[in-house]
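K.L.:
Build the 3D model from these lines:
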Amino acid sequence: MLLDELKIEQDDLKVGDVVYTSHHPNIGVWVSFRYSKMRKEVIQRITPKRTKIVTDYGEYTNRDHFYKMTDELKKQSEIAEAAENICDDLAKIDQFIKKHSYKGIHDEDMLNVKNHMNAVRKILDSYEQE
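P.N.:
All right, here's what the predicted structure looks like:
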């Protein structure tokens, strides 16, 4: 389902409505992802000419879009958030290794990390075979 199909007409909006706004996941400079993160917001104020809409997260103009949430859109938003989390976690691992080397990891934690990394490697290897 396309995001355009879930747009809410701004003339239909009223104070107190729950809407969703689309935000690109932060996964690197000049990198885009196939899905957007959706953020739930509540409309608090609409100017009389409907040129500005204020929500609990910020101000929007009449050029911004608001969406209805569906199960499919919720799943896509979760996937986009997962991509952002993976990117953040990889950066944290890289920073940790640069700062502490592997010396900073306790023996039991090293074995635990190895098991998790093996699971990640299996998933990534499955894409290499395609």
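K.L.:
residues near the closest residue to S22 other than its chain neighbours, how many?
P.N.:
Nearest non-adjacent residue to S22, counting by Cβ to Cβ, 6 or more residues apart in numbering: S36, 4.2 Å away. (Glycine included, C-beta is placed from N, CA and C.) Residues lying near S36 (other Cβ atoms under 10 Å) number 19.
K.L.:
Quick one: residues contacting S36.
P.N.:
L3, S22, H23, H24, P25, Q76, S77, A80 (Cβ atoms under 8 Å, 6 or more residues apart in numbering).
K.L.:
Tell me, how many residues neighbour the fifth one?
P.N.:
Taking other Cβ under 10 Å as the criterion, the count of residues near P25 is 23.
K.L.:
Name the helix or strand for it, please.
P.N.:
When elements are defined using DSSP states H and E, P25 is found to belong to no helix and no strand.
K.L.:
just checking, it touches E81?
P.N.:
Yes: the criterion here is Cβ atoms under 8 Å, and P25 meets it with E81 at 6.7 Å.
K.L.:
Residues that sit against both of these two, list them.
P.N.:
Overlap of the contact sets of P25 and E81 (by Cβ under 8 Å, 6+ apart) consists of K37.
K.L.:
Determine the longest helix present in this structure.
P.N.:
In the chain, assigned by DSSP state H, the helix with the most residues is helix 71-100.
K.L.:
where does the spatially most central residue of the chain land on pLDDT?
P.N.:
The C-alpha lying nearest the average C-alpha coordinate of the chain belongs to E81 (Cα atoms, centre = their mean; 3.2 Å). For E81, the pLDDT comes out at 96.
K.L.:
Strands of the protein, residue ranges please.
P.N.:
18-23, 37-46, 52-55, 59-61 (DSSP state E).
K.L.:
List of residues touching the shortest one?
P.N.:
Applying Cβ under 8 Å, 6+ apart, the external contacts of strand 59-61 come out as T21, T51, K52, I53, V54, F66.
K.L.:
among those residues, which ones are buried?
P.N.:
For the contacts of strand 59-61, a burial check counting by 16 or more other Cβ atoms under 10 Å picks out T21, I53, F66.
K.L.:
re the thing from before, ok, so of the contacts of strand 59-61, who is nearest H116?
P.N.:
For those, the residue nearest H116 by Cβ to Cβ is T21; the value is 33.6 Å.
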